[in-house]
Structures are given as C-alpha cells and as structure tokens.
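>>> whatever this is, show me its structure:
(2 chains)
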There are 2 protein chains.
Amino acid sequence: MGEFDLIERYFKRPVRAAVLGVGDDCALLQAGPGTQLAISSDMLVEGRHFLSTVDPFKLGHKALAVNLSDLAACGAKPLAFTLALALPRADEAWLEPFSRGLLALADAHGCELIGGDTTQGPLNICVTVFGEVPVLAGRSQALLRSGAKVGDDIYVSGNVGDARLALEVFRGTLNVPGPVFAQARARMEQPTPRVALGQALRGVANAAIDVSDGLLGDLGHILSQSGVGACFETPFATDLIACRSNPAWSGCQSDLCLSDEHWLELVLAGGDDYELVFTASASARAAVLEAARSSQTAVTRVGQIEAAPGLRLIDAAGQLMRRSYPSFDHFA
Amino acid sequence: MGEFDLIERYFKRPVRAAVLGVGDDCALLQAGPGTQLAISSDMLVEGRHFLSTVDPFKLGHKALAVNLSDLAACGAKPLAFTLALALPRADEAWLEPFSRGLLALADAHGCELIGGDTTQGPLNICVTVFGEVPVLAGRSQALLRSGAKVGDDIYVSGNVGDARLALEVFRGTLNVPGPVFAQARARMEQPTPRVALGQALRGVANAAIDVSDGLLGDLGHILSQSGVGACFETPFATDLIACRSNPAWSGCQSDLCLSDEHWLELVLAGGDDYELVFTASASARAAVLEAARSSQTAVTRVGQIEAAPGLRLIDAAGQLMRRSYPSFDHFA
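Down below sits the predicted model:
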C-alpha cells in the first residue's frame, strides 16, 4: 500500500464544513465573507527528508519552505504557522541556528510563528501553515489541482532536478565536479518557495501544484484530479536543471559526464524541488509572463493539456517516447 | 534547559498579525469580524506519550482528544484538524483501528479531518486542531490563562490523578487491584476532552488551562500569566482521583494500600488528565454550576486566587503545607 492509497483508504472522507478537504496542496476553510484560510501540514523526519549532518540553520529554512510552497501552489498569502518539534535532547547548539533559519524565512514572508509543541523523541519537525486566499464575487481565488482544461499550456517555474542530483551525490550513485555539487546542494537544502508567483497566478492559472515528489508525478495529480491528459515536451525539460550549465563541467573528466537520458530523469522524476507546475489557457500567455515578471520568477512552457487520458512524453524529433518515470512515494 | 525555557528563548516573539501567539492553550487568528480561529498543535511520540503496546483505536482517540482539550481550555468550538503521521511502515492492522478511533472522536465533536501528511519514520502523530470563538461587541470570548483575578474561586473539572496511577503501574512502581488498574488505564488511554464545559464557561470563567503536565504545574501557568498567587485546599483535591473510591480496594491486601500523601501526589502532580482548571469570580458561582450542569461535567472548587505571589497548599487543619510538587517537563 503506497502513501496515496493509505490516505485514500483511511483518512479521506466527504468534505462537510470545510470548503476543500484532503487531497490538494492545502485545505480551505471559510474565514469571514471575503476570505478563505488555506492550511497545509508537512512533517520532516531525519534520514528521510534530511540528513543528520545538515546545517540546522538550513533545516529551519527548509522546514518552513516546504510548507510555504504548498501555500504558493494554492495562490495563498502566508499568514502564520505552528511548529511541533520532537528532539532527542534540548541542544542549544542545534536550536539556536534552527530557530534562526526558520524565523528568517518566516520574516521574509511575513509569516508569524503562533504556537506549537516541543517534546522529547526522535528528531521530527512538523509545521502547519496558514495563508489567506480572497473570495471575489463569491468565487474562491484558490488555485486547485482540479482546474486544468483541455488546451491549457503547462508551465514549470524556476529549476527542477538539481535537488535530486545533490541527493544522488550524497548517496554515492553520482560523482560531479565540486562547484556543481555545491550548486545542487544549495537547492536541496534551501529551496525557494514560489510564494509571490503563486499569488500572481490567481485569476491567471487554471490549476497548480508544487513539485515535491517529482515533476511528472506531481503533474499527474493535476491530470487525474482534472480528468484530463497531457503531452510533455522533453526538450524544454532538459533545460530546467540549473546544474547542467554550470561552467565547472567544461574541461572536467569525461567519466563525470551525465547522459542526456540521465539529465532528463533527474528533471522528470527528481523531487524535492518546490517549484510550481501550473496550467493556463493559451489566451493567458501574456498574463503568465506578467506574473513571472512581477514575481521575478522564471517560467518555462513544457506541454499542453489534452483530452486523452495519460501523459505522453515527446522527444526532440516530435516522437512519442516510451519511458515512464516513477514519482516519489514514502511507502513504496 | 527545560521545555518552557526552550520555547521562551528560541521561539517566542512579540505577536504581530495574530491576536494571540505562543504561550496559551491555543493561538488566536482573526477570522472575519465576529469570529476568531483558535489553533493548537500537539505531537505524540511513542515511548514518551504512549506505550508501543497501546491499542491503536485508543491511540487514535487520544491523539485528537489532547488537542480538543486545548480548544476546550480556550472555550472554542471544534471545527477541523490536520493529521501528520510518521509510521515505520504502512501497516493496515494498525492504520485501520487508529483511523477508526481518531474519526469516531472527530465525529462526536463535529471536527473534520481536512488534510495533513504521511511519511515513513519513527512513529509520531502530530495533530493541529482548529476551533472557533465568538467575538461579542469587539471582545473575544476566548478563555485565556492570563485572566485570573484576585478573589476568584479556582475549580477543577472531572477527575485528576488516575492517568498517573496507571502510568506508575505500567512503570512497576505501584501495584493495585486489577479493577482499579482497569479504571485508571481507561483514563490514561482514552481521556475525555471537556469541550462542552469549555464552551459553557465562556463569559463565566476569567481564566482557564487544561491539565496535561500536572494540576499544580498547570495552575502555576495561570498564576504567572495573570500575575497573581493562590491558596489551594488539598482536602478537596484528594477526592478528585476517581480510583480512590473503587470498591475493589475493600478487602484487598494492606500492602496495596496507598497513603494519603501518595494519593495527593498523584492528584497534584499527575499529568495526562485533560481536565480543565479555571477561575471565576465568587459572584459567578451559580453560573459555574449551571455550566457544569449543562455540559454534564462535575466541577470541584479547590481554592482561591490571592494577590500574594506563589501557590500555598492548605491541609485539612487549615495549616500551610511545606511540600512542593513538580510539573511534568519533557526535557527535565
């Protein structure tokens, strides 16, 4: 039984008081007439989501960043968060930089720590974040996974695949030049939640999700929840991984080089990217570019929503590819 | 460094957008003109908050109950909750009863599961709960720890000390008749959050807190946050532990008997009770009794708020006692 089956079987039920329940990036609760509260919770476990050797300052950043990324995927403005923390011991040398990293990102987004819990136990960090989404003329402005329409363009923000490259170096399955590893590691350890882009896409994008488990897997959630399919242009995708254009590659030993196939796999199935994948109608292209400009976030068009179910990968020659890429599942 | 010092030093900051931040049973966020959202988060760790042998159905109940108890202490009406769950493996024989116990209590309180996270890791259950509190004529009706006034009566709901008795039997430091253990164990494993009483006390009580770390320690938070002291009548307290009047004691071996001193320690420093301690002015006695009646919850008057700082324990002869009782601290 995988993570999504587990949630589906034991914890998903019909929505009652909430506007939106289990199964999107955030849940939505009505909060007064013109506002909805977007809520998301993410738990980080040592050895699973971070290495025991990680700098606590960076871990504090990441614990909040992955939650802010869920707000971004809903187009919500961050308001506040709670922190529940299990620690093996009350270690000030860890707590001081952890809280500094956490609160620096919180301050950068005007997101206030309002409560939580601390207890003794194996290191576990659980953040629950609250944001607000306007309701205009009775219509929620939240971006959902379920809104993609046939003919929509598919976009990805920023860079994808670098975090996975760093993970593979840590695992010892890849060997890359030092500056490439440093670049990839920064992306893995201190992801940038696309909060401003998410808000700028309200009223522009039809559907959105954040990339935490892998680009294709997360796009797959949009497709299944919208009841549509897609074609995905892989030549655009291979440019999404920032490390590929690092100048340290030039002149390095050829045994360090990665194949095109390898680069593509890092991008499509990497995970831990915290970028946004979203869809918008072709008539909204100028509005998407304006949202990218105003939020100072690059976006790349990588495909199109189609009526036929499934996800079709297209190669540089315009041909259908046969490979499939798994998404990350915590219980697979 | 203890749990409260840790929070104070690294995570407590001046409140900005929130109505109330770190340091009460719940945080409060404004949610429309007439309502505040009360938010609380509690993390349960195996071996610390529950034994690995506990019935998963009861654990599901308790994971939500301890959070509902925080809402009760604020006088909030439960609305919804998120669940973040780290599991060693996706074990259906555990998940099925766990989710049943959790959702049964949720349904009993009309509190909807709206989202969360599941991941692989050492067993850890983090629930964040949301409730609502009315704002009447610009005044929040939330019960806070900081509202106790000199001359207030001090009350305790239900029974206190039984959960600790069960814990001591599990630890092997106490030996009691079987039916007494069964009674105590039920209180430890399936506490009853005083949600109806908390709401009935809005506009009646001046201050409230739930008893999770120990009766005197938690009352101490009311005293320090209200800037007052109290006298506490111990003869009333020894009646608070339900197990003491279990008929199984009669005729049992004398070496099983507990001293008065021991009973009092279980009540005053027990913890894990999830009852409410609250204060109300002497003129509100009839209103307190009506709140107890309407919520079908017993309340016992155990002392009085005084101007002189500190907590004075009074014995049956009306004399000041010299003992002090520690509160439970996860890092002490």
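
>>> how near is A:M321 to A:T53?
38 Å (Cβ to Cβ, to the nearest Å). For the C-beta atoms, the positions are set from N, CA and C on the backbone; glycine is no exception.

>>> quick one: which of the two has more around it?
Shown here are A:M321 and A:T53; by other Cβ atoms under 10 Å in any protein chain shown, A:M321 has more neighbours (13 against 6).

>>> what helix or strand is the closest residue to that one other than its chain neighbours located in?
The shortest distance from A:M321 to any non-neighbouring residue, by Cβ to Cβ, 6 or more residues apart in numbering or on different chains, is to A:L313 (4.1 Å). A:L313 belongs to strand A:310-314 when assigned by DSSP states H and E.

>>> ok, and what's touching that strand?
A:216, A:219-220, A:223, A:229-234, A:268, A:303, A:306, A:320-321, A:323 (Cβ atoms under 8 Å, 6 or more residues apart in numbering or on different chains).

>>> A:F181 reaches A:E168, doesn't it?
No. With contact defined as Cβ atoms under 8 Å, A:F181 does not count as touching A:E168 (10.2 Å).

>>> which parts of the stretch 51-200 of chain A are strands?
All strands of the stretch 51-200 of chain A, identified by DSSP state E, counting those that start in this stretch, fall at A:77-87, A:112-120, A:124-136, A:139-140, A:153-157.

>>> and the longest one, which residues are buried?
Translated: strand A:124-136. A:124-135 (16 or more other Cβ atoms under 10 Å in any protein chain shown).

>>> what's the answer for stretch A:49-64, then?
A:49-50, A:56-64.

>>> how's chain A carved up into domains?
A:3-140, A:145-314 (automatic domain parsing).

>>> just give me the closest of the contacts of strand A:310-314 to chain B.
Lowest distance from chain B to those (Cβ to the nearest Cβ) belongs to A:G220, with 18.1 Å.

>>> how close does that closest one get to A:G229?
10 Å.

>>> which neighbours in the sheet does the host helix or strand of A:F232 have, and how are they oriented?
Following DSSP H and E, the helix or strand that holds A:F232 is strand A:229-233. With DSSP bridges as the test, strand A:229-233 is paired with strand A:299-306 (antiparallel), strand A:310-314 (parallel).

>>> quick one: buried residues of the shortest one?
Read that as strand A:310-314. Neighbour counts over strand A:310-314 (16+ other Cβ under 10 Å) mark A:311, A:313-314 as buried.

>>> ok, now the longest one?
Within strand A:299-306, the residues that qualify as buried are A:299-306, counting by 16+ other Cβ under 10 Å.

>>> now those as CSV including pLDDT?
Formatted as CSV, the buried residues of strand A:299-306 follow (pLDDT from 0 to 100):
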residue, pLDDT
A:V299, 97
A:T300, 96
A:R301, 96
A:V302, 95
A:G303, 96
A:Q304, 97
A:I305, 97
A:E306, 96
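
>>> how far does stretch A:233-241 sit from the chain's center?
17 Å (Cα atoms, centre = their mean, to the nearest Å).

>>> using CSV, write out the CA atom coordinates for it.
The C-alpha trace of stretch A:233-241 is given here as CSV (Å, rounded to 0.1, in the frame of the first residue of the first chain):
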residue,chain,number,x,y,z
GLU,A,233,7.9,18.3,-24.5
THR,A,234,11.0,16.8,-23.0
PRO,A,235,13.5,19.1,-25.0
PHE,A,236,12.2,22.1,-22.9
ALA,A,237,12.5,20.0,-19.7
THR,A,238,16.2,19.2,-20.0
ASP,A,239,17.0,23.0,-19.8
LEU,A,240,15.2,23.1,-16.4
ILE,A,241,18.1,21.7,-14.4
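
>>> if you count neighbours, what's buried in it?
Applying 16+ other Cβ under 10 Å to stretch A:233-241 flags A:233-234, A:236-238, A:240-241 as buried.

>>> does the residue of chain A found nearest chain B belong to a helix, a strand or coil?
Closest to chain B within chain A is A:G32: 2.4 Å, counting by Cβ to the nearest Cβ. Of the three states, A:G32 takes coil under DSSP: H, G, I helix; E, B strand; the rest coil.

>>> cool, A:G318 as well?
From three-state DSSP, the assignment for A:G318 is coil.

>>> could you check how many residues crowd around the closest residue to A:I39 other than its chain neighbours?
In space, and not counting its chain neighbours, A:I39 is closest to A:A27: 4.8 Å by Cβ to Cβ, 6+ apart. Neighbourhood size, A:A27 [other Cβ under 10 Å]: 29.

>>> next one: A:R100
Residues near A:R100, counting by other Cβ under 10 Å: 14.

>>> so what's it up against?
Contacts of A:R100 by Cβ under 8 Å, 6+ apart are A:57, A:60.

>>> please report the distance of it from A:L59.
11 Å.
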